[in-house]
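Participant: Please find the sequence and the predicted model below.
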Amino acid sequence: MKIANYKLQIGFGLLVLSLCLPSAALADSAASKNNRGNKLYHEKKYGEALRHYRDAQLENPRSPQIHFNAGDALFQAQEFDQATEAYSKALSLGIPDKNLEAQTHYNLGNCFYKKDRFAEAVASYRRALSMKPEDRDFKFNLELAQEKLR
């Protein structure tokens, strides 16, 4: 009861400020968890990295970077269906960084390739290549997927 009464007594400006602070704290916490996941990923501890990415997603579910990172960890764990979902989610949120968007399409193509979904892989590689036409890996994988379709 005392807490509810106290909240009613604070001024409007303080109430607005108090509503903003948890959001900023959550963003910092999500970033911290994402960074911890990145460290573990680079140590090839993909399962542990994924746990940190999942925790970060709970706090910041609208971050395409966190979904991309989770997709990478899932791909390394050979969970291609889940990786596909993570990359697709990242794309659906809108990725402001065009290099990351291209890489996401490429990684999505790799998931499709691993699942023998070559037509979808070709489409993803083409999309990635349209954003970064000079990328040799994108070109190489596109050619591999096209060959599988023949």
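Facilitator: Noted; the coordinates are in hand. Numbering: from 1, shown residues only.
Participant: can we go C-alpha only for contacts and neighbour counts from here?
Facilitator: Fine.
Participant: residues touching residue 121, list them.
Facilitator: Contact analysis of residue 121 by Cα atoms under 8 Å, 6 or more residues apart in numbering lists 108, 109, 110, 111, 112, 113, 142, 145.
Participant: Buried ones among those?
Facilitator: The neighbour-count test (16 or more other Cα atoms under 10 Å) applied to the contacts of residue 121 identifies 108, 109, 110, 111, 112, 113, 142, 145 as buried.
Participant: Inside helices: which ones of the residues you listed?
Facilitator: Members of these lying in helices (criterion: DSSP state H): 108, 109, 110, 111, 112, 113, 142, 145.
Participant: from these, which is closest to residue 136?
Facilitator: residue 142 (9.8 Å; Cα to Cα).
Participant: Show the low-confidence segments of this structure, by residue range.
Facilitator: 1-27 (pLDDT under 70).
Participant: which residues of this structure fall in helices?
Facilitator: Under DSSP H, the chain gives helices at 2-9, 12-42, 46-59, 64-76, 80-93, 98-114, 118-131, 136-149.
Participant: quick one: the third one to helix 64-76, angle?
Facilitator: To tie it back to what came earlier, the one meant is helix 46-59. 150 degrees (axes from the mean of the first three to the mean of the last three Cα atoms, to 10 degrees).
Participant: So what touches helix 46-59?
Facilitator: 26-27, 29-31, 33-34, 36-41, 63, 66-67, 69-70, 73-74, 76-77.
Participant: Now that we have those, which of them are buried?
Facilitator: Buried among those (16+ other Cα under 10 Å): 27, 29-31, 33-34, 36-38, 40-41, 63, 66-67, 69-70, 73-74, 76.
Participant: Redo the buried ones among the contacts of residue 121 as JSON lines? Include distance to residue 92.
Facilitator: Output for the buried ones among the contacts of residue 121, formatted as JSON lines (distance: Cα to Cα, whole Å):
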{"residue": "108", "distance to residue 92": "13"}
{"residue": "109", "distance to residue 92": "16"}
{"residue": "110", "distance to residue 92": "18"}
{"residue": "111", "distance to residue 92": "17"}
{"residue": "112", "distance to residue 92": "17"}
{"residue": "113", "distance to residue 92": "21"}
{"residue": "142", "distance to residue 92": "23"}
{"residue": "145", "distance to residue 92": "24"}
